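Asker: I'd like to go over a predicted model; first the sequence, then the structure.
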Protein chains: 2
Amino acid sequence: MADSGILFVVSAPAGCGKDTILNELFKKTDAAGYAVSATTRAPREGEENGVHYHFLSREEFMEKISQNEVLEYTEYCGNYYGTLKKSVDDLLSKGKDAVLKIEIEGAMNIRKQFPEACLVFILPPSWEVLETRLRNRGTETPEKIAERIKQAQTELSYAENYDYLIVNDALETAVDDLLSVFRAEKHKRSRCGKLLEQFK
Amino acid sequence: MADSGILFVVSAPAGCGKDTILNELFKKTDAAGYAVSATTRAPREGEENGVHYHFLSREEFMEKISQNEVLEYTEYCGNYYGTLKKSVDDLLSKGKDAVLKIEIEGAMNIRKQFPEACLVFILPPSWEVLETRLRNRGTETPEKIAERIKQAQTELSYAENYDYLIVNDALETAVDDLLSVFRAEKHKRSRCGKLLEQFK
């Protein structure tokens, strides 16, 4: 119903379950597809090239940047992370919506380039719940945990720059909330110019 | 999730099935309730007071206007039609969203008074389909039919002032589209100030 596919951005601090939400969402809809990010970091166990990330060498990544093939990118812990233009275009050209799972800096870059993109932020049920999750994750040093908590606080402060907020308290509810957002956005008048044309 | 109940306005030209859509919608959700309009016209067969309309005498209607109990009203074919403040407040105070089924003039009045209201316009599958429906309705004079078609054209020209457009091609799809809009609006960042407070 919208004139063309929509660019959705989904962000959340670590521990808010955005991967699980998106995995469940893609089981329920084929109107939207996941635009896989690119990175120069090494694949972790179980990660597949083209599924979890497009794994590129630093040289390949730099070349794509220079050829204007990267929509946004950021450096984190010495590695590049970014969105390939092709990943998005492939979906939109099929009439699908493209979903980017990127962090706040990337999201703000997308917003600048594509003011019509729709940004969704996933929140934890409460700050206490998130803090507990981050503290209990693995066997990290107190410094690492403190850093992670600080990071989550920074990320949460960006939530007010997003279009929609979804709390991940009950997984199924959060998935259906996100599906509703995706579906409703297709019907926004500002996206339906062609539809109105025929009634003029 | 939104800080408070939302005021939804649903409009459509005659013959677009908005009554059927809303009837089906209220079977599927109790998050929203129908804010029954008031009118000074006589009840038609099968219409119940307080269900289809609040049927008021002209004097009662005028008194409510003078006491500031009417949110918006319009005169049509010698009768008043309007929205009682109480109908909306009763729903919002229960934490429900309030759905107004009103025509374009009333909708524009609501928008002026409540900029945060969400306006949805139901469209027919095509102009041809709507015109055929209006022509084949009952046994009216050619003049009456021409008037009705002109009215529908005027109403459709207002669709661009609404927030969302939903095409009623397949009933179930249209109902689910509208449900998605209602659900998504609850998650709009601009409506969720209190939610973000707790993370500050």
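Answerer: It's in.

Asker: could you find the closest non-adjacent residue to the most centrally placed residue in chain A?
Answerer: By CA atoms, centre = their mean, chain A has its centre lying nearest to A:Lys101, at 1.9 Å. Of all residues not flanking A:Lys101 in the chain, A:Val10 sits nearest, at 5.3 Å (CB to CB, 6 or more residues apart in numbering or on different chains). Every C-beta, even on glycine, is put in place using the N, C-alpha and C of the backbone.

Asker: look up how far A:Tyr34 lies from that neighbour.
Answerer: Going from A:Val10 to A:Tyr34 by CB to CB, to the nearest Å gives 10 Å.

Asker: next one: A:Phe199
Answerer: Between A:Phe199 and A:Tyr34 the computed distance is 35 Å (CB to CB).

Asker: one more: A:Ser93?
Answerer: Look at A:Ser93 and A:Tyr34: by CB to CB, they are 16 Å apart.

Asker: the more surrounded of these two?
Answerer: Set A:Ser93 next to A:Tyr34 and count neighbours by other CB atoms under 10 Å in any protein chain shown: A:Tyr34 wins out with 18 against 10.

Asker: now do the contacts for the closest residue to the more buried one other than its chain neighbours.
Answerer: In space, and not counting its chain neighbours, A:Tyr34 is closest to A:Val99: 5.3 Å by CB to CB, 6+ apart. Counting by CB atoms under 8 Å, 6 or more residues apart in numbering or on different chains, A:Val99 makes contact with A:8-10, A:22, A:32-35.

Asker: ok, and the most crowded of these?
Answerer: Most crowded among the contacts of A:Val99, counting by other CB under 10 Å, is A:Val9 at 28 neighbours.

Asker: did I read that right, that one in a helix?
Answerer: No - read with DSSP: H, G, I helix; E, B strand; the rest coil, A:Val9 is strand and lies in no helix.

Asker: beta-bridge partners for it, please?
Answerer: Under the criterion DSSP bridges, A:Val9 forms beta bridges with A:Leu100, A:Leu119.

Asker: give me the common contacts of A:Val10 and A:Tyr34.
Answerer: Each of A:22, A:99, A:101 lies in contact with both A:Val10 and A:Tyr34 under the rule CB under 8 Å, 6+ apart.

Asker: do you know the pLDDT at the second one?
Answerer: Pointing back at A:Val99 there. A:Val99 is assigned a predicted lDDT (pLDDT) of 98.

Asker: would you mind measuring from it to chain B?
Answerer: Taking CB to the nearest CB, to the nearest Å as the measure, A:Val99 falls 15 Å from chain B.

Asker: kindly report the same for A:Asn49.
Answerer: A:Asn49 sits 34 Å away from chain B, going by CB to the nearest CB.
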